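> Here you go, sequence then predicted model.
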Amino acid sequence: MHYRLLMALLLLLPTLGLANKEARPRPSYFQGAPKDASGTFSNYAGKLSHGSVSMRVPFMLRRFGTYFRSGADAPQPLANAVSLLRQHSQDGLPSVTWVGHATTLVQSDGITFLTDPIWSRRPSPVPLFGPSRYVEPGIALEDLPAIDFVVISHNHYDHLDLPTLKALVEINPQMKLFVPLGNGAVLRKNGINQVIEMDWGQQATFKNVTLHCLPSQHWSKRSLTDTNKALWASWAITGPQRRIYYAGDTGYFPGFIEIGEYLGPFDLAIVPIGAYAPRAMMVASHMNPEEAYKAAVDLGASKALGVHYGTFDLSDEPLAEPAQRFLQASAKDPEPGPDPWLPKIGETRSF
């Protein structure tokens, strides 16, 4: 009799542990986004440095050179991506598809969602000007499965792409958009009304998963006068089968440890590994590949999917460098860590 009771308690321990984890007090990083004296959003680290003017001006001038930069080292698209995606969907296994840049298609726990979807050729307020797109999206919009919701990390044009979002809503009128605070106005102004705005630490339930709006270390801007008036965020999507983390755009910060301790371990962490050079300009708001891998370790991730590189020409590092350094960071880790995933554009993997 005592043996049966002991075995029953042992079987319950994982469930009890998870319940206790999510019932304990929230970490300090979950207490809502701070604001500065002017009322605009801020980071826990305070005001971020974007480098000196003497660094930023030449950097912006170099972006005009992207029209002539070779895309030979950009990530390669996968042949037959659509048929392979459909096969994965039929198998019913949790899966992720890298569409390109920070856009991923995730299917898990009976739901399908997109992260920061962009199908446009140039992420820019002026259609004829902006960073070059080297690789077409891995899946055409019309070939996507039905989308339940989208998560948006922040309002920069390569992450909140209005033409793409309008097209998605037209195809998926039931689709919801989960965005950080202050990002609803630009969407509603453009006829996108199924928007749910959230602060850091807030949660929302969608069917059988929970969405957690979480901190990141970044900034926001879409015009000359709206700097940091809208919030930025990372996201966790937790369900009965899988726990997924999407970092958005972010510098490395200690919050990854608290997120991992409170909501992890994660089955999949989607982390940005590009747009980190010049370092003095980017260090506060964009992780380099080594920091991205460390963040995945902090999160307790089983798989670390590297994104946000090689699709658009956004910064100074060579197109192939982020992937190489991400793999090297994993190889140099003395402890067993997350599997570094660098799929082809359009490739679907189960997790």
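Looks like it came in fine. Residues are numbered from 1 along each chain as shown.
> give the contact list for G130.
By Cβ atoms under 8 Å, 6 or more residues apart in numbering, G130 lies in contact with 122-124, 157. All C-beta spots, glycine's among them, are computed from the backbone N, C-alpha and C.
> And S302, by the same measure?
With contact taken as Cβ under 8 Å, 6+ apart, S302 is in contact with 265-268, 338-339, 351.
> what's the closest of these to S95?
Top of the list for closeness to S95, among these and by Cβ to Cβ, is F351 at 6.9 Å.
> So what's the residue count around that closest one?
F351 has 19 neighbours, counted by other Cβ atoms under 10 Å.
> So W232 is in contact with S220, correct?
Yes: in this structure W232 lies within contact range of S220 using Cβ atoms under 8 Å: 5.4 Å.
> overlap in contacts of the two?
Both W232 and S220 are in contact with 41, 154-155, where contact means Cβ under 8 Å, 6+ apart.
> Show me those residues that map onto strands.
The members of the shared contacts of W232 and S220 all map outside strands under DSSP state E.
> Mind checking which of these land in helices?
Judged by DSSP state H, helices contain none of the shared contacts of W232 and S220.
> Dump those residues to a markdown table, plus distance to D161 and neighbour count.
Converted to a markdown table, the shared contacts of W232 and S220 look like this (distance: Cβ to Cβ, whole Å; neighbours: other Cβ atoms under 10 Å):
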| residue | distance to D161 | neighbour count |
| --- | --- | --- |
| F41 | 21 | 22 |
| H154 | 12 | 26 |
| N155 | 10 | 23 |
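> Now distance to I192 and pLDDT too, for those residues, in a markdown table please.
Shown next, in a markdown table, are the shared contacts of W232 and S220 (distance: Cβ to Cβ, whole Å; pLDDT from 0 to 100):
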| residue | distance to I192 | pLDDT |
| --- | --- | --- |
| F41 | 21 | 98 |
| H154 | 16 | 98 |
| N155 | 13 | 98 |
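> Closest to S95 out of these?
Nearest to S95 among the shared contacts of W232 and S220, with distances taken as Cβ to Cβ, is H154, at 25.6 Å.
> picking that back up, which entries within the contacts of S302 meet the buried criterion?
266-268, 338, 351 (16 or more other Cβ atoms under 10 Å).
> From those, pick the one nearest V82.
Using Cβ to Cβ, F351 is the member of the buried ones among the contacts of S302 that lies nearest V82, at 20.1 Å.
> wait, isn't that closest one in contact with K303?
Yes: assessed by Cβ under 8 Å, F351 is found in contact with K303 at 5.1 Å.
> For these two, list the residues in contact with both.
Common neighbours of F351 and K303 are listed as 267-268 (criterion: Cβ under 8 Å, 6+ apart).
> May I see the buried residues of stretch 131-145?
131-135, 137-139, 144.
> Same check on stretch 82-94?
So, applying 16+ other Cβ under 10 Å, buried residues of stretch 82-94: 82, 84-85, 88-89, 94.
> from those residues, which two are the most distant?
Taking Cβ to Cβ, no two of these sit farther apart than V82 and P94, at 19.3 Å.
> Which of the buried ones among the contacts of S302 fall within helices?
Among the buried ones among the contacts of S302, no member lies in helices (by DSSP H).
> and of the residues you listed, the nearest to Y276?
P338 (19.2 Å).
> quick one: the closest one and L305 touch, right?
No: in this structure, P338 is not within contact of L305 by Cβ under 8 Å, at 9.3 Å.
> where do the contact lists of these two overlap?
With Cβ under 8 Å, 6+ apart as the test, P338 and L305 both reach A269.
> Would you mind writing the CA trace of stretch 249-260 as PDB?
Below are the C-alpha coordinates for stretch 249-260, written out as PDB (Å, rounded to 0.1, in the frame of the first residue of the first chain):
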ATOM      1  CA  ASP A 249      14.800  42.300 -31.300                       C
ATOM      2  CA  THR A 250      16.900  42.800 -28.100                       C
ATOM      3  CA  GLY A 251      20.200  43.300 -26.600                       C
ATOM      4  CA  TYR A 252      21.400  40.800 -24.100                       C
ATOM      5  CA  PHE A 253      20.100  41.500 -20.600                       C
ATOM      6  CA  PRO A 254      19.800  39.600 -17.300                       C
ATOM      7  CA  GLY A 255      16.000  39.200 -17.800                       C
ATOM      8  CA  PHE A 256      16.600  36.000 -19.800                       C
ATOM      9  CA  ILE A 257      17.700  34.200 -16.600                       C
ATOM     10  CA  GLU A 258      14.500  35.200 -14.800                       C
ATOM     11  CA  ILE A 259      12.300  34.400 -17.800                       C
ATOM     12  CA  GLY A 260      13.900  31.000 -18.000                       C
END
